[in-house]
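> sequence and predicted structure are below.
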2 protein chains.
Amino acid sequence: MGPYLRGGQDLKPTAAAATPQLLRRVNAQSVLGFIRNTDVATGTELMSRTGLTRASVIAVCEDLIRRGWIRELDTRDEEQAPGPRKGRPARRFELNTRAGFVLGIDIGAATTTAAVADLRGTVIGRASGSFRATDIPAEERIDVVDRACRRALAAAGTGPEKVLAVSAGIAAPVDRDGNVLASQHFWSLFDVGLRTALKELHGWTVLLENDANLAALGERWRGSGAGVDDLVVLLAGERLGAGVMESGRLLHGRGGAAGEMGYLDLVEGVGSSDGIASLARQWSAAGGGPASGGEASARRVFEDAAAGDPGALAILDRISERMARVIASVASFINPEQVVIGGAVAESAAALLPAITALLPRFTATPPRVTVSPLGDSIVTMGAVRRALDYVEANALELALPPG
Amino acid sequence: MGPYLRGGQDLKPTAAAATPQLLRRVNAQSVLGFIRNTDVATGTELMSRTGLTRASVIAVCEDLIRRGWIRELDTRDEEQAPGPRKGRPARRFELNTRAGFVLGIDIGAATTTAAVADLRGTVIGRASGSFRATDIPAEERIDVVDRACRRALAAAGTGPEKVLAVSAGIAAPVDRDGNVLASQHFWSLFDVGLRTALKELHGWTVLLENDANLAALGERWRGSGAGVDDLVVLLAGERLGAGVMESGRLLHGRGGAAGEMGYLDLVEGVGSSDGIASLARQWSAAGGGPASGGEASARRVFEDAAAGDPGALAILDRISERMARVIASVASFINPEQVVIGGAVAESAAALLPAITALLPRFTATPPRVTVSPLGDSIVTMGAVRRALDYVEANALELALPPG
DNA sequence: GCAATATATTTAGCTTGTATCTAAATTATC
DNA sequence: GATAATTTAGATACAAGCTAAATATATTGC
């Protein structure tokens, strides 16, 4: 900058200047974004989708090849082009799906699961681990998580150096910068420990998120909320949390406690959020989840109800109304298009959907569509994978791909 | 595009290609953005703030001068530069504050107010109008609004052709595209009528918003929530609505009904949202607002309470607890940094702040800061002005400024 | 083999940037 | 009052990236 600024006040630029290189970055992102969502792309397709001229498209593609993100298919060994192919054959480009991988981790109270996915989001490795107890020290918990990651990578046939981004979900408020509130003593300790451990061991930077928020990402990506921009996911199992997407963005609030549902203590006919959580636990233990033994009893309640047993019907009615009140209170404040029930209770909740849906208009003027998550146990890991991919996609041109 | 695309599928570009002109747009926005927030700017200042070189800064400034957004101060008639000014005098640029104006409109049940502001947001004209009754036809209501706009413009010493953007707030859900839900028969009729009328009469395009949402914008701009990114404004007067900002963005939800607070019907110890609204109405009529007569009684309640009268204290306690429950239920779901009480009840609410603040921790684990709006009656118009300015600032380089 | 067709490549030119050098205007100093 | 120091202005050279248009190439169909 020369001597010009010496005399001025010590001012930092508010934003970086837009130089011609920015154009390439923008256009490369747009080309790469299209290639990500297609099988193979020709130059002509890319021209029409991006609005660029052929010269620019080719320049961008050669850039992306040099950086390792895409690959050119040279010989026409695959003769699967559909239409009548006249004219000079087009150069064909495809995503280098295995140029790197992402890691999505679900860290629960009792177990943890890590999933490895390629750049298209296909999960190619998965591993779980159990915690000896819920009150083990943070280090032990971190070690179990690390081991699950290693095993998932091994199952995927790849290694830590190929990991481009890591996202982890925990059952605690996490703000939008990925920090756990200091008041959450255990989790904030765990947070710092996890970050430093994975950084030192593998060089990874962890994107931490609340588990219900990740569930919302996952559900919108590959669940029943596909493509819905205003979506709430109720993650009910060990505890009850909500992941809220508004206009396609996750809500965090000041300290990451958005969607924490503590206010349910105040809602009539619901009981405390602890009460809901314990209800969910019982329910899950009785048949919704893999917990011990009681599967028969939950099934029996449904069977008895189907047979017209008044007691069983009353139980289901009470549960339905509680759920309806919870959904209604969320829905009338956030006005989502859809509410998805996920977590351990999801399976059981499916049977109650008609009753819940029928009750909603009594409690809210803006009843959302209500569905049950089809993602099962993997709802949080799916969201974590999506979160990590989002990061990779947003920063593709800044990330250096691992060699090989 | 030539013959290239003829053979391809009929695909539209997903995004516009980034051409060199984009650079100028980005850099011009950045320069203009800085000039907007300063009194006069020199080339050197702009260089340091934008990171551009002098040549680019000058080119951009001359562009902006040609388009009418800024102006160069030629002679140094104003010797108000602070430091020791050595060296060759700098060219000085300033915002052409009166290159155009924005119009912010508050459309209430009984009255409407229009405010005219210059490009720095300084309100330079204001006018109100009353509706003959609350159930008058949409056309009549539109006519009253139009007349208020004309008078506000006249008071500002300008005309309709100088208006760059118009924002209006109504007490109904409005989605993020500015549309009123069709189920809101009256308002959706009014909406369409207002748009077409103002378009035909003056060529304006109206940005419609929910009034509480505008209140949130206003409060964050020039109220007690200045600069707070996670902010909830409770607009309590004729009715009760919440404007929610999360991460600096307004929440709308699918149909614009986010923040509608219908769920309060379900919250224990609050009563229905109608009940809250009527409470607010009584309260306001008794002294919070400009309504007839009863000011003495509200003042008397406060005076009696100050004197230790148990009946008066009980009334205030009940109101405080209701407010605390409302705020807590919002706060524990959204987790805002701050909640602002605005609208007609604001004045009275100020006296209850300590009680409300003290009660909050009983109802929520994440109690926000609670304040009372200092904006009074103009909270919605202020937000409408901000909304219109946001539009102008985002689209400055696409807007053609009126000549003169 | 030759026309038709679709794609690839090359070349020239435009816009917008940066970097660097020289000129101008003002204050401070002797 | 001339001269040096300082700060900004303006001009020139050049690089990145895009478009547009002309030319070259590979494949299919007759």
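Ah, there it is. Since this is a predicted model, take the numbers as computed values, not measurements.

> just give me the neighbour total for the closest residue in space to A:Asp118 that isn't next to it in sequence.
In space, A:Asp118 comes closest to A:Thr97 once its chain neighbours are excluded; the distance is 4.8 Å by C-beta to C-beta, 6 or more residues apart in numbering or on different chains. Glycine gets a C-beta too; all of them are placed from N, C-alpha and C. Using other C-beta atoms under 10 Å in any protein chain shown, A:Thr97 is surrounded by 16 other residues.

> also A:Arg67?
A:Arg67 has 17 nearby residues by other C-beta under 10 Å.

> hmm, it is touching A:Leu397, no?
Yes - using C-beta atoms under 8 Å, A:Arg67 is in contact with A:Leu397, at 7.4 Å.

> quick revisit: shouldn't the residue nearest to A:Asp118 be within a helix?
No - according to DSSP: H, G, I helix; E, B strand; the rest coil, A:Thr97 belongs to no helix; its state is coil.

> for it, give its distance to A:Glu45.
Using C-beta to C-beta, to the nearest Å, one obtains 18 Å as the distance from A:Thr97 to A:Glu45.

> try A:Gly159
Distance from A:Gly159 to A:Glu45, by C-beta to C-beta: 34 Å.

> who has more neighbours out of the two?
A:Glu45 (21 against 13).

> okay, that one: pLDDT?
Per-residue pLDDT puts A:Glu45 at 93.

> would you say it is within a strand?
No - assessed with three-state DSSP, A:Glu45 is helix; it does not lie in a strand.

> relative to DNA strand C, how far out is it?
8 Å (C-beta to the nearest atom of the strand, to the nearest Å).

> would you tell me what the next helix or strand after the particular helix or strand that has A:Gly169 in it is?
If you go by DSSP states H and E, A:Gly169 is part of strand A:163-170. Going down the chain from strand A:163-170, the next helix or strand is helix A:185-202, by DSSP H and E.

> so where is the stretch 201-350 of chain A shaky, pLDDT-wise?
Where the stretch 201-350 of chain A drops to pLDDT under 70, the residues are A:262-301.

> ok, which stretches of it are helices?
Secondary structure of the stretch 201-350 of chain A (DSSP state H, counting those that start in this stretch): helices located at A:211-222, A:273-283, A:295-306, A:310-334, A:346-363.

> A:Ala358: neighbour count?
A:Ala358 has 12 neighbours, counted by other C-beta under 10 Å.

> I meant to write A:Arg362 there.
Using other C-beta under 10 Å: A:Arg362 sits among 11 other residues.

> now swap in A:Pro310 and tell me
Residues lying near A:Pro310 (other C-beta under 10 Å) number 9.

> and stretch A:42-59, end to end?
Distance between the two ends of stretch A:42-59: 13 Å, counting by C-alpha to C-alpha, to the nearest Å.

> quick one: buried residues of that stretch?
Judged by neighbour count using 16 or more other C-beta atoms under 10 Å in any protein chain shown, the buried positions of stretch A:42-59 are A:42-52, A:56-59.

> go on, stretch A:86-97?
Using 16+ other C-beta under 10 Å as the test for burial, stretch A:86-97 gives A:Arg92, A:Phe93, A:Leu95, A:Asn96, A:Thr97.

> now do the SS call for the second one.
It stands for A:Phe93. Going by three-state DSSP: A:Phe93 is strand.

> my guess is it meets A:Val40, correct?
Yes - proximity of A:Phe93 to A:Val40 meets the contact threshold set by C-beta under 8 Å, at 6.8 Å.

> mutual contacts of these two, please.
A:Leu73 (C-beta atoms under 8 Å, 6 or more residues apart in numbering or on different chains).

> to the chain's geometric centre, what's the distance from stretch A:127-146?
22 Å (C-alpha atoms, centre = their mean, to the nearest Å).

> same deal with stretch A:371-379?
Offset of stretch A:371-379 from its chain centre (C-alpha atoms, centre = their mean): 12 Å.

> just stretch A:161-179 next, same as before
Taking the mean of its C-alpha atoms, stretch A:161-179 sits 10 Å from the chain's own mean (C-alpha atoms, centre = their mean).

> alpha carbons of it, as CSV, please.
Extracted C-alpha coordinates of stretch A:161-179, given in CSV (Å, rounded to 0.1, in the frame of the first residue of the first chain):
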residue,chain,number,x,y,z
GLU,A,161,-5.7,-37.0,6.4
LYS,A,162,-8.5,-37.2,3.8
VAL,A,163,-11.0,-35.6,6.1
LEU,A,164,-12.0,-32.1,4.9
ALA,A,165,-14.5,-31.2,7.6
VAL,A,166,-15.9,-32.6,10.9
SER,A,167,-19.2,-31.8,12.4
ALA,A,168,-20.4,-33.1,15.8
GLY,A,169,-23.7,-32.8,17.5
ILE,A,170,-24.2,-32.7,21.2
ALA,A,171,-27.3,-32.5,23.4
ALA,A,172,-26.6,-29.0,24.7
PRO,A,173,-27.0,-25.4,23.5
VAL,A,174,-24.3,-24.4,21.0
ASP,A,175,-24.2,-20.9,19.7
ARG,A,176,-23.7,-20.0,16.0
ASP,A,177,-20.0,-19.8,16.4
GLY,A,178,-19.9,-23.4,17.6
ASN,A,179,-19.3,-22.5,21.3
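
> close to chain B, is that stretch?
Yes - using C-beta under 8 Å from any C-beta of the partner chain, stretch A:161-179 reaches chain B at A:Pro173, A:Arg176.

> one more: stretch A:393-404?
No - Stretch A:393-404 lies apart from chain B when judged by C-beta under 8 Å from any C-beta; the minimum separation is 13.2 Å.

> quick one, phi/psi of the residue of the stretch 301-404 of chain A found nearest chain B?
Proximity of the stretch 301-404 of chain A to chain B (C-beta to the nearest C-beta) peaks at A:Asn335, 2.8 Å away. With angles defined as degrees, to the nearest 10, A:Asn335 sits at phi 50, psi 60.

> burial measure for it, as a count.
By other C-beta under 10 Å, the residues close to A:Asn335 number 28.

> report the contact partners of it.
Neighbouring residues of A:Asn335 by C-beta under 8 Å, 6+ apart: A:Asp230, A:Thr366, A:Pro368, B:Pro173, B:His252, B:Gly253, B:Arg254, B:Gly255, B:Gly256, B:Ala257, B:Ala258, B:Glu260.

> circling back to that earlier point, the strand holding A:Gly169 packs against which elements?
On a contact count with 3 or more C-beta pairs under 8 Å, 6 or more residues apart in numbering or on different chains; DSSP states H and E, strand A:163-170 meets strand A:101-107, helix A:138-156, helix A:185-202, strand A:206-210, helix A:211-222, helix A:379-394.
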